[in-house]
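[1] Got a predicted model here, sequence first, then my questions.
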Amino acid sequence: MGVYPLAAPHFSDQMTDVTKPLLTKQLTLANDVLSTRDHLAGDFGVADAYLFWALTLLPKLGYEIPRDLTALASYSQRQKSRTAFQQALGTEAELAQAA
């Protein structure tokens, strides 16, 4: 399960209700991994980019990331400080304004 069921307008509220607990379980697993290392799988990779994208998008989709996932919160802050992510988010904001 991923972010898609929360973002897709054709999914019912019932599907969203099923998705949120599963998403919390997945984020808890990621939190557990990130409590012992800096990245999901060794060095920074695609999984890290996707996780950061999801963590950025989820609150906009009405999903509140549990506050007790402190390793995930620290991870998100580290990713936000990366120059490449700042540039990507800036470009995304510019494109959104132009649309």
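    Good, I have the coordinates.

[2] remind me which residues of the chain are low pLDDT?
    In the predicted model, the chain carries pLDDT under 70 at residues 1, 3-12.

[3] what sits up against stretch 20-39?
    With contact meaning C-beta atoms under 8 Å, 6 or more residues apart in numbering, stretch 20-39 is reached by 1-3, 6, 40, 45, 47-48, 51, 58, 63, 65-66, 69-72, 74-75, 78. The C-beta positions use only the backbone N, C-alpha and C, and glycine is treated the same way.

[4] Buried subset of those residues as a ChimeraX selection?
    Listed next is the ChimeraX selection for buried residues among these, using 16 or more other C-beta atoms under 10 Å:
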select :3,6,40,48,51,58,63,65,69,72,75
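
[5] Where helices are concerned, which of the contacts of stretch 20-39 count?
    Counting by DSSP state H, these place L6, A47, D48, L51, T70, A71, L72, S74, Y75, R78 in helices.

[6] wait, which of those is closest to T19?
    Each of these was scored against T19 by C-beta to C-beta, and L6 proved nearest at 6.1 Å.

[7] can I have the helix ranked longest in the chain written out in CSV, keeping just the CAs?
    In the chain, taking DSSP H as the definition, the longest helix is helix 13-34. Coordinates of each C-alpha in helix 13-34 appear next as CSV, following Å, rounded to 0.1, in the frame of the first residue of the first chain:
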residue,chain,number,x,y,z
ASP,A,13,-13.9,7.0,2.1
GLN,A,14,-14.1,3.3,3.0
MET,A,15,-10.9,2.6,1.0
THR,A,16,-9.2,5.6,2.7
ASP,A,17,-10.2,4.3,6.1
VAL,A,18,-8.6,0.9,5.3
THR,A,19,-5.5,2.6,3.8
LYS,A,20,-4.6,4.8,6.8
PRO,A,21,-3.9,2.0,9.3
LEU,A,22,-1.9,0.1,6.8
LEU,A,23,0.1,3.2,6.0
THR,A,24,0.8,3.8,9.7
LYS,A,25,2.1,0.2,9.9
GLN,A,26,4.4,0.8,7.0
LEU,A,27,5.6,4.1,8.4
THR,A,28,6.3,2.4,11.7
LEU,A,29,8.5,-0.1,10.0
ALA,A,30,10.4,2.6,8.3
ASN,A,31,10.7,4.4,11.6
ASP,A,32,12.2,1.3,13.2
VAL,A,33,14.7,1.0,10.4
LEU,A,34,15.6,4.6,10.5
